[in-house]
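Chemist: When you get a sec, could you give me coordinates for this:
(chains A, B, C, D, E and F)
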Protein chains: 4
Amino acid sequence: MTDPTPAAGLVKRGRPRSERSRAAILDAAAELLLGRGLGGVSMDDVAAAAGVSKATIYRWWPRKESLALDALYRDWAVGCDAALDTGSLGGDLLALLRPWYALLTRRPYARVIGALITEAQSDPAFAREYLARFVEPRRARALAIFERAIGRGEVGLAVPVDVTLDLLYGAIYHRLLHGHAPLSERFLEQVIDTVLVGVTPRAGGPTAVPR
Amino acid sequence: MTDPTPAAGLVKRGRPRSERSRAAILDAAAELLLGRGLGGVSMDDVAAAAGVSKATIYRWWPRKESLALDALYRDWAVGCDAALDTGSLGGDLLALLRPWYALLTRRPYARVIGALITEAQSDPAFAREYLARFVEPRRARALAIFERAIGRGEVGLAVPVDVTLDLLYGAIYHRLLHGHAPLSERFLEQVIDTVLVGVTPRAGGPTAVPR
Amino acid sequence: MTDPTPAAGLVKRGRPRSERSRAAILDAAAELLLGRGLGGVSMDDVAAAAGVSKATIYRWWPRKESLALDALYRDWAVGCDAALDTGSLGGDLLALLRPWYALLTRRPYARVIGALITEAQSDPAFAREYLARFVEPRRARALAIFERAIGRGEVGLAVPVDVTLDLLYGAIYHRLLHGHAPLSERFLEQVIDTVLVGVTPRAGGPTAVPR
Amino acid sequence: MTDPTPAAGLVKRGRPRSERSRAAILDAAAELLLGRGLGGVSMDDVAAAAGVSKATIYRWWPRKESLALDALYRDWAVGCDAALDTGSLGGDLLALLRPWYALLTRRPYARVIGALITEAQSDPAFAREYLARFVEPRRARALAIFERAIGRGEVGLAVPVDVTLDLLYGAIYHRLLHGHAPLSERFLEQVIDTVLVGVTPRAGGPTAVPR
DNA sequence: GTGTAATCGAGACGGTACGTCGAGTCTTGTG
DNA sequence: CACAAGACTCGACGTACCGTCTCGATTACAC
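Modeler: Purely as a prediction, here's the structure:
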């Protein structure tokens, strides 16, 4: 959204962008968003909290949702880069998902995530941005883990991995967003266990759905 | 939200509520919401489309989200009441989920569902209402199906059914809301198949997650 | 506005008008109007204070201003009917105006009078009603007093009495409505004195305005 | 109400107020007010007619009445600044009042004046503003004229000038607001004549009101 | 007594304006 | 150029009041 490295050939003219302002805006936005949700925070609020002019925010972020995306993204990558190889599918998944779970439950991320998802429904460009930053990276990590497991023979070849990923992440998002039941560490383990059973190869094949 | 059967002992006084207006409001709201999403529809829009005063809407629905809940709810129950017993877990699940899938994909429900979920994050009363109307009924149906399957020995006794339900519904909501991959009938079947494999009892127990 | 004696030929049918309601409405209206002014009182307020249905008010008074007219009129006639003959112009005027002055200063009539006058500016029928009830009667009394004084030779024949009435009442209304100076009993006497001087016949005529 | 010259020591920051908008608002307001009266004009009307946002109006004028005050004030000063000295009290008064009379009768000012007076009844601050702008200046002019006349011996020393001013202005306002009789140029002259007679010194003192 | 007819209460209704708020843009002067 | 300040447009918000309406329940007179 805010490219820090402009075209190399261009000479930089005029006053340079204030890094201080940028950080203040993102900090203030993140704090306010987690506290009151996207709908409860106005751009004036962010500007006031960051000690910054509203025009400065709009110069760098086209709308509130984009700002929210950037503000929340900084924490979001936690544990995503660490590609631990524990040697087993279950261990790898747990190592991948546990830090994320910790993040999700530490502060009310669901508030803002819900609003971002809603915004994505009617703005394809925003949807792409959201997916690219918040969904795809974790999905790619999980996919790599599954591929390693397939290589080790831990996962049956007939298993549709993309569907499995949806089961895994879908279950977690489901509890996160709907809150019909607690999103606990126990739940995380149960989800992984159930998925493991579903993908582990065995002698007799599963009973297919009659159509 | 709007109880049609007030306290029986109370004598009815004053001009009765106009059923015509109520229906017109819900119709107009449903149509507009599916067309433009919650954020794209104003109360004035609904009032104008329904040929009704804005005050009349506010008299019965405290906010736009509540109205949306009522407006969408009327279609939502589709296929939920039909408790087909096909004789197999997979068949039952498919019979339950297929009509719902058809509803979800026929019109852009995701737009409004997302907004309702977002609202639920910061309003516990609304969250309860949303769950009670949009989530719990379908979940209860699925639970009944699983219990029948357990009775038939189709599902292992150690399987945590609530987690399984989250895998099932979570996967579908995940694709519905995130749109990272199409929510197709094929996907629906794959989800059911994978879940079936995960819950079907077998000789050797599942590999537990190493902790 | 509300004719208590309908066409004689008409037979009275149906439930008769509740005199209790009528009185309660006028009482409540007068009290509220003097307390909060016309703009500060809603028809719902009056209905609630009178323990009466809003429809009942509208059945008998076409609009709020008409109700205000009736509500205030009951006090307004004070001292207007008493046609004391003190024997002198000054004495008669004082006897006429003093009770009215007392009424005006006892409670904040100016609030409502101002609103009625304003309404009269854009509704000729209302203006006629207002004049006929609030202005003409007192004017007619004063006119009679002046005519008696003319008969006694207290007032010059060349004096334009209607203009003199405007000076008299105008001065009082001026202080009542504008409040730039107190409307005191002293002021009332000074006004009468000054008018007396202006109308008393003398040897040399007044200096006419050069035109 | 809207001070054009803020504290001198303060540096002007931010976008300056649009003089164009300010003038358009006052023009539109004056035109609409004289055409339909205060009650017949909504803030949306003014905003639309002035090609301006409603919020901009509310930023500078707290309520409709304040706007009306400013909008009408621009014409109101007509002939007030010209302090003609015709040499006689009658001539001076006529020179002062004739232009005002002309203004009052050219367009339906009474509509709005009535509403302003009504508002003043329940808002002391507004009352002060109204008096300071619409009443006091003309009164001060007339007072100066009377004091010159006293210096010339045209007015008796015992005459209470403030009461005389109330007779003069009161009579005019009375006909303006009540409309029981036409506010004509002839009436204006008669009022001045009668007042002149009342204040001109003579041999025998006036007959005091018997108490 | 049994219509018939007008009243009454309660309160929902369409409509209009209110005054406020937030998003996002624009216009100054200053660094 | 970037930035702070803040005025601006636009559009929606939720509320309040107006005057109308639809109920069921009363209350009179007329038959």
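
Chemist: Every contact and neighbour count from this point should use C-alpha atoms.
Modeler: Noted.

Chemist: Could you list the low-confidence segments of chain A?
Modeler: The model of chain A has pLDDT under 70 over residues A:1-13, A:78-83, A:202-211.

Chemist: interface residues of it facing DNA strand E?
Modeler: Neighbours of DNA strand E within chain A, by CA under 7 Å from any atom of the strand: A:14-15, A:39, A:41-44, A:54-55, A:58, A:62-64.

Chemist: repeat that with 6 Å
Modeler: Neighbours of DNA strand E within chain A, by CA under 6 Å from any atom of the strand: A:14-15, A:41-44, A:55, A:58, A:63-64.

Chemist: got JSON lines for the residues you listed, with secondary structure, distance to residue D:74 and neighbour count too?
Modeler: Formatted as JSON lines, the residues of chain A next to DNA strand E follow (DSSP: H, G, I helix; E, B strand; the rest coil; distance: CA to CA, whole Å; neighbours: other CA atoms under 10 Å in any protein chain shown):
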{"residue": "A:14", "secondary structure": "coil", "distance to residue D:74": "47", "neighbour count": "6"}
{"residue": "A:15", "secondary structure": "coil", "distance to residue D:74": "46", "neighbour count": "6"}
{"residue": "A:41", "secondary structure": "coil", "distance to residue D:74": "43", "neighbour count": "16"}
{"residue": "A:42", "secondary structure": "coil", "distance to residue D:74": "40", "neighbour count": "14"}
{"residue": "A:43", "secondary structure": "helix", "distance to residue D:74": "39", "neighbour count": "17"}
{"residue": "A:44", "secondary structure": "helix", "distance to residue D:74": "37", "neighbour count": "13"}
{"residue": "A:55", "secondary structure": "helix", "distance to residue D:74": "37", "neighbour count": "11"}
{"residue": "A:58", "secondary structure": "helix", "distance to residue D:74": "40", "neighbour count": "13"}
{"residue": "A:63", "secondary structure": "coil", "distance to residue D:74": "43", "neighbour count": "12"}
{"residue": "A:64", "secondary structure": "helix", "distance to residue D:74": "44", "neighbour count": "17"}
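
Chemist: So which of those reach DNA strand F?
Modeler: A:14-15, A:55.

Chemist: quick one on the thing from earlier: nearest to residue D:155, of the residues of chain A next to DNA strand E?
Modeler: residue A:44 (65.2 Å; CA to CA).

Chemist: Now for the closest residue in space to that closest one that isn't next to it in sequence, how many residues are close by?
Modeler: Excluding the flanking residues, the one nearest residue A:44 by CA to CA, 6 or more residues apart in numbering or on different chains is residue A:54, at 6.4 Å. Close neighbours of residue A:54, defined as other CA atoms under 10 Å in any protein chain shown, add up to 15.

Chemist: any idea which helix or strand comes after the helix or strand hosting residue A:75?
Modeler: Here residue A:75 sits within helix A:64-76, counting by DSSP states H and E. Under the assignment DSSP H and E, the closest C-terminal helix or strand after helix A:64-76 is helix A:89-106.

Chemist: Run the chain-centre distance for that following helix.
Modeler: Distance of helix A:89-106 from the chain centroid (CA atoms, centre = their mean, to the nearest Å) equals 12 Å.

Chemist: List the contacts of the residue in chain A that chain B sits nearest to.
Modeler: Nearest residue of chain A to chain B: residue A:198, at 3.7 Å (CA to the nearest CA). With contact taken as CA atoms under 8 Å, 6 or more residues apart in numbering or on different chains, residue A:198 is in contact with B:194-199.

Chemist: and the residue nearest to it when sequence neighbours are not counted, how far is that from chain C?
Modeler: Closest residue to residue A:198 apart from its sequence neighbours, by CA to CA, 6+ apart: residue B:198 at 3.7 Å. Separation of residue B:198 from chain C (CA to the nearest CA, to the nearest Å) stands at 66 Å.

Chemist: helix or strand for residue B:198, which one?
Modeler: Here residue B:198 is assigned to helix B:185-199, by DSSP H and E.

Chemist: Hey, what's the angle from that helix to helix A:185-199? Just curious.
Modeler: Orientation check (axes from the mean of the first three to the mean of the last three CA atoms, to 10 degrees): helix B:185-199 against helix A:185-199 gives 100 degrees.

Chemist: Can you mark which positions in helix B:185-199 are buried?
Modeler: B:187-199 (16 or more other CA atoms under 10 Å in any protein chain shown).

Chemist: Present those as CSV; the columns should include distance to DNA strand F.
Modeler: Formatted as CSV, these follow (distance: CA to the nearest atom of the strand, whole Å):
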residue, distance to DNA strand F
B:187, 36
B:188, 35
B:189, 39
B:190, 40
B:191, 38
B:192, 39
B:193, 43
B:194, 43
B:195, 41
B:196, 44
B:197, 47
B:198, 45
B:199, 46
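
Chemist: Quick check: the farthest pair among those?
Modeler: B:187 and B:199 (18.5 Å).

Chemist: for the closest residue to residue A:166 other than its chain neighbours, what are its contacts?
Modeler: Nearest non-adjacent residue to residue A:166, counting by CA to CA, 6+ apart: residue B:171, 5.0 Å away. Residues near residue B:171 by CA under 8 Å, 6+ apart: A:163, A:166-171, B:191.

Chemist: One more pass at 10 Å, please.
Modeler: A:163-174, B:165, B:183, B:187-188, B:191 (CA atoms under 10 Å, 6 or more residues apart in numbering or on different chains).

Chemist: And residue A:28, by the same measure?
Modeler: So residue A:28 contacts A:45-51, A:71 (CA under 10 Å, 6+ apart).

Chemist: Run a quick neighbour tally on the residue nearest to residue A:177 when sequence neighbours are not counted.
Modeler: If the residues on either side of it in the chain are set aside, residue A:177 comes closest to residue A:110, at 5.8 Å by CA to CA, 6+ apart. Counted by other CA under 10 Å, the residues lying close to residue A:110 total 23.
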